[in-house]
Structures are given as C-alpha cells and as structure tokens.
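Novice: Below is the sequence, then the predicted model.
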Amino acid sequence: MSDLVVADLVAGYGDARVLHGVSFTVREGEVCAILGPNGAGKTTLLRALSGVVRVRGTVTLGGTTLAGRSPDTIARHGVAHVPEGRGTFMPLTVEENLRLGAYVRRGGAEVEEDLGRIYTYFPVLKTRLKQAAGSLSGGEQQMLALGRALMLRPRLLLLDEPSLGLAPLVTRELFRIVQAINAEERTTVVVVEQNAHLALGIAQQAHVLETGRIVLSGTAAEIRADEQVAQSYLGYRV
Amino acid sequence: MSATKVVTEPAPVRERRPPDPRWRWAGLALLLAAAVYAPFQLVPFHVFQLTMVLVYAVALLGLNLLVGHAGQISLGHGAFFAVGAYSGAILLDRWDLPYPLTLPVAAGVAFVLGLALGVPAMRLRGLYLALVTLAIAIFLVPLLKRFEAVTGGSMGLTLAKPAPPGWSGLAEDQWLYFLTLIVTVAAFLLAAGLLRSRVGRALHALRDNETAAEVMGVRLSFYKTLAFAWSAMFAGAAGCVYTWVIGFVSPDSFTVNLSITLLAGLVVGGLGSLSGPVLGGLFVMFVPSISQDVNDAAPGVIFGLLIIVVMYVAPTGLAGLAARLAGRLVKKIPRKE
Ligand SMILES: Nc1ncnc2c1ncn2[C@@H]1O[C@H](COP(=O)(O)OP(=O)(O)OP(=O)(O)O)[C@@H](O)[C@H]1O
Ligand SMILES: [Mg+2]
C-alpha cells in the first residue's frame, strides 16, 4: 500500500514554528482536502511534504521515509508539488515548462508519451507549445502547472489552491481534470483549497487546519455537515 | 504556415520566438565573415583593441551564465580572470609550457577554484553573495603581491607573446587576434551547448522560480555552484588569452575595478542573451578608457549613468535593443514560405 502517513509533523521558517504536530493519513489513490483560514499553515504543510522547508516528525509514502530528505530526493520518490501561485517559468516556453516537469526522469520515449497524455487532458496546451508560458492566461497557467506536475508521473500530487484567481467555470473544469487524473492514474492527491465546495466534492477525506494544528478531521461528507465548517468555509448554516 | 494565418494571442511577456531562424544564421555568418576580414583592414592598434574586446567577451560569456542565466550575482569575476591570467603566465614563465596548453590548465584552475569558493558562496543570496564575491576580488591583489616568488609581486611577470608561425604569413597582432577569435568561437559554442542542455534548462528554471524548480527535483545548491564554477572557468580562459595578448601580468591590472567593469559591461550589453557579452566586451574595452580621458573620476560617473539609462530605456541591454530593432526591420520584409 502506498499510503501517505504524516505524524507529529513540526515545521516552520527559522525560529518561527508554523506547524505544531500535524498528523493524518491519506490512503493510496484517495483525494484528501486540507481546509483552513489564511495563515493556518496550509502552504507550509505542502512545502514540508515536498521538502522545501525543514521538518521534524514523520512523513512516509508507501513506507519510504520522506521527512528530512531533500526536495530532489522527494521528487524522485514521485511527489509532485504544484506550488501556490503556480510557479510558472514565465520566459520559458510551454513545452520547456512541461519538459522540466520530467526533470528527474530519464528515458526519452516515455517522456514523449507522457507529453501526449498531458495534451489529451489539456488540449489547450498543445496549441501553445512554443509560446512563452508567461503569456498564458491564469487558467492556462494553472493547467500548465498541473500538466507539468504530471510529467513526473507522480504517486502523490500536492496542489496548493489551484482555484486561486480563476473564474468559477475554469475552476470547475480544473477540478474535473484533477478528479479524472486521480481516477485514471490512481494518483494520491492532497489539495489545499479555499473553495471548500469544490475540494470536498472530489475528496474522500478532509482536515481543517487552524494555526498549525488539525482541529477537525473526517470524511468529506462529515466535514461538509459540520456546522462550524459550514459557517466558516462554505458560507451557509447547516 | 502562411502569411495569412492570423494568430491572436495575449501580449507576450517576452518575445521568445525570433522572427525567423534563418535571419539569425545569416547574421551570424555575416558577423563571422566580418571578424575574419577585419584584421586585414585595420591598423595593428585597432586589431589589438578588437582582440581585447573578444577576450572580455569570453569573460562576460561566463559572467552571463551566472548572472543572466542562473540569476546569481558576482562582484568578483575579475578575480577568476586574474587567476586565469596568472596561471597562464606562471606556466609560461616557470615551466615553459607551450602556450596552447596553458589555456586548458588556466581554465581548469579557475574552474576548480570557482567550485571551491562556490560551495560556501552559493549558500548566500542577494546582498550577501554580492559582498562575499566582492571580498574575493578585494583579497586577490594583496595575495598576488604577497607571493612574490611565483607571481613576481607588484612588478608582475613579463612574457614573450606567441609568435606567428611562418606558414601563416600573419603579423603578430593578426596572429594573436585569430588565436583569440578561435577561443571566442569555441567558448560561444560551448556556452550555447551548455544552455541548450538539460543543465541549462535547470538553470533557467532556478532563475525563474526557485521553489517550483526545487520541488521538480532541480538541486538548488548543486546547480548554483556549478554555474559559479563555469563562470569562473570562462573567466579563467579569458584571463589566459589576455596573458598571451598582453605578454604582461601585474596585480594592478586586476583590481576590484575590473570586476565591477565586467558586471557593468554585461548589464549594459544585455543579460541572458548570447550577443550581450560581445556588446559588453566593447563596453569593457572602450568605456573606461574613453571616460578616463575626460576626467579621472569620470569612469564611475559614466558607468553609473549608463547603467541607469540602460535599465530605463532597455532593460534587456543593448542586445535586447538591437534584437527589437532588427525584429522590426525584418517584419517589414514580407515573409513567404
Ligand atoms: N517564507 C516564510 N518565511 C517566514 N514566515 C513565513 C514564510 N511563509 C509563510 N510564513 C508564515 O507562516 C504562517 C503560515 O503561512 P502559510 O503560507 O503556510 O499559510 P496558508 O495557510 O497557506 O495561508 P493562505 O491561505 O493565505 O495561503 C504565516 O504566519 C506566515 O506568515
Ligand atoms: Mg497558502
């Protein structure tokens, strides 16, 4: 089983501790949503999982320890991270961006094959291959970021607020694609999202993070039914 | 495909596609032809000046890898230039090495030194990195004076310049020019190859978005250090050729001023493009000496002003400006395919 197990995870920047002992498990092939107010530490949690910030505690993926490893080692273990704000390489072309996604992989033929697969998920990218990525629209850039992450052939996909700054229609399309990827490739997904409706719509499990601690965990349906969550993140009372 | 195809696209952040690659090749071929023709038309002093422009262009090619492509800064590039120059000089002086052999050794010494200094330096960023590299440049001159037995101290070392072989029929200045031209072309091919490789893509990714590159598996410290070592290697090669051409090295030729002039030249010439270093080489060769004629304090003022003006008028440097103008010209010519 290739589960993601996080236990007593502590992380921060310099002396400032942001995560104070976070524990949760995501079963292989499931989608897990992380909700929480601004500044709760959601982005930091994803950064901790991909090794960009230093951590203490346990992070394992399919039994392999990831905590304390460098970002490139973690990437080699199949963890792809779509960072907050998409992380587009603006002056590079769309194709160069995509190829960089396969950076840790060798083997030309497989990469070409995967490019083709990405184009079936995101046909719009195929028409923009030689264009500077910075000239794409926000929605297209988010698709590029997702496509680029898929080029790693990830076992675990970390998404940081994919809906940020996108029109509702584009956001829904994006989540539909994430769901399709999750279903077809059996990729485990951890998605941080302000748009709780959409995130809970594709997730099996969800956790609410507040000031660096998980304050509520449950199935997507349970979280949706929680009165506190409904008020804070869904904008209505149950 | 055809001239009638209308492509509507959002305003590009930066034009990545040259109008037509054939124009580029034509331009390069023309440039190379002019470079081969020039020494037969110019008086020796101008040939010498042109040679020095090429020497500086090779050094700037290295600096461009670090600053323009890897997004780091160095105020100590002149130090590696000096290391190359002295390596070449000492090899010629003490060991009587045939001069073509001094080039790879000098480049290698600078590369290794760049690697050694890059490991600690590249953990720093921004202002700290600027200060540490500046310190490298500052320490160099007293260091060279201190080891008088090998370096000749403040008197420096004087060497015989490579003599033109009889079969070539060239004068000394022309021979030195062609030697330098060969090194320059090789350096450009090498740099272009490096940038087109997987490593080049990794450098660009780091420059454009460090975190995104890191989570993709690009090893931050490794590539920064590698870029630093490469930049030192090009500087070292340029320094060695400098020794061939000038036939003399002394600590005062490699003060902090040289490092600053190189960085200024690169910025004015154009960061991140392959033609930037050539234009920057012109800058390094001519601007300090011309402004020195005006007034002793003038170089500083003129550098400052030039950099400010370029940043406002052409943030991509003279190379970017030239490319834009050329692009406009080319667009006026109807395209057919
Ligand atoms: N690079 C950094 N250096 C220092 N502190 C940081 C850094 N990044 C984030 N922080 C701090 O860590 C805390 C958590 O930030 P984080 O970005 O993880 O929150 P978030 O839940 O993703 O918020 P948002 O919903 O606004 O994206 C905040 O108090 C923030 O100020
Ligand atoms: Mg965040």
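Specialist: It's in. Residues are numbered from 1 along each chain as shown, chains lettered A, B, ... in the order given. Ligands and ions are numbered 1, 2, ... in the order given.
Novice: Give me the spatial nearest neighbour of the residue of the stretch 151-300 of chain B found nearest ligand 2, chain neighbours excluded.
Specialist: Closest contact between the stretch 151-300 of chain B and ligand 2, by CB to the ion, is at residue B:211 (12.3 Å). (Glycine included, C-beta is placed from N, CA and C.) Leaving aside its sequence neighbours, residue B:211 sits nearest to residue A:83 (CB to CB, 6 or more residues apart in numbering or on different chains; 5.5 Å).
Novice: so the one you found touches residue B:210, yeah?
Specialist: No - between residue A:83 and residue B:210 there is no contact, the gap being 10.3 Å when judged by CB atoms under 8 Å.
Novice: the bottom helix or strand of chain B by mean pLDDT?
Specialist: Least confident helix or strand, chain B: helix B:317-332 with a mean of 73, by mean pLDDT, DSSP states H and E.
Novice: before we move on, the earlier item: and the residue nearest to residue B:211, what are its phi and psi?
Specialist: Main-chain dihedrals, residue A:83, degrees, to the nearest 10: phi -70, psi 160.
Novice: if I pick it, what's in contact with it?
Specialist: A:46, A:145, A:160, B:209, B:211-212, B:215 (CB atoms under 8 Å, 6 or more residues apart in numbering or on different chains).
Novice: And residue A:111, how far from residue A:101?
Specialist: When CB to CB, to the nearest Å is applied, the distance between residue A:111 and residue A:101 equals 9 Å.
Novice: Need the overlap of contacts for the two.
Specialist: When contacts are counted by CB under 8 Å, 6+ apart, residue A:111 and residue A:101 are jointly contacted by residue A:151.
Novice: Comparing those two, which residue is more hemmed in?
Specialist: Between residue A:111 and residue A:101, residue A:101 has the larger neighbour count (other CB atoms under 10 Å in any protein chain shown), namely 28 against 17.
Novice: Give me the nearest residue to that one, chain neighbours excluded.
Specialist: residue A:151 (3.0 Å).
Novice: number of nearby residues for that neighbour?
Specialist: Neighbourhood size, residue A:151 [other CB under 10 Å]: 23.
Novice: from memory it sits against residue A:104, does it?
Specialist: No - contact criterion CB under 8 Å: residue A:151 and residue A:104 do not qualify, at 9.9 Å.
Novice: how near is residue B:73 to chain A?
Specialist: 19 Å (CB to the nearest CB, to the nearest Å).
Novice: Can you classify that residue as helix, strand or coil?
Specialist: Secondary structure for residue B:73, judged by DSSP: H, G, I helix; E, B strand; the rest coil, is coil.
Novice: Which residues are in contact with it?
Specialist: Per CB under 8 Å, 6+ apart, neighbours of residue B:73: B:66-67, B:126, B:129-130, B:133, B:263.
Novice: go with 10 Å
Specialist: Going by CB atoms under 10 Å, 6 or more residues apart in numbering or on different chains, residue B:73 touches B:63, B:66-67, B:125-127, B:129-130, B:133-134, B:263.
Novice: element containing residue 23, please.
Specialist: Chain wasn't specified; assuming chain A. Assigned by DSSP states H and E, residue A:23 belongs to strand A:16-26.
Novice: looking at chain B here, not the other one
Specialist: Per DSSP H and E: helix B:21-37 holds residue B:23.
Novice: tell me the mean pLDDT over the following helix or strand past that helix?
Specialist: With elements assigned by DSSP H and E, the helix or strand that comes after helix B:21-37 is helix B:44-64. For helix B:44-64, mean pLDDT rounds to 91.
Novice: so is the residue in chain A that chain B sits nearest to in a helix, a strand, or just coil?
Specialist: Nearest residue of chain A to chain B: residue A:87, at 2.8 Å (CB to the nearest CB). State at residue A:87, reduced to three classes by three-state DSSP: coil.
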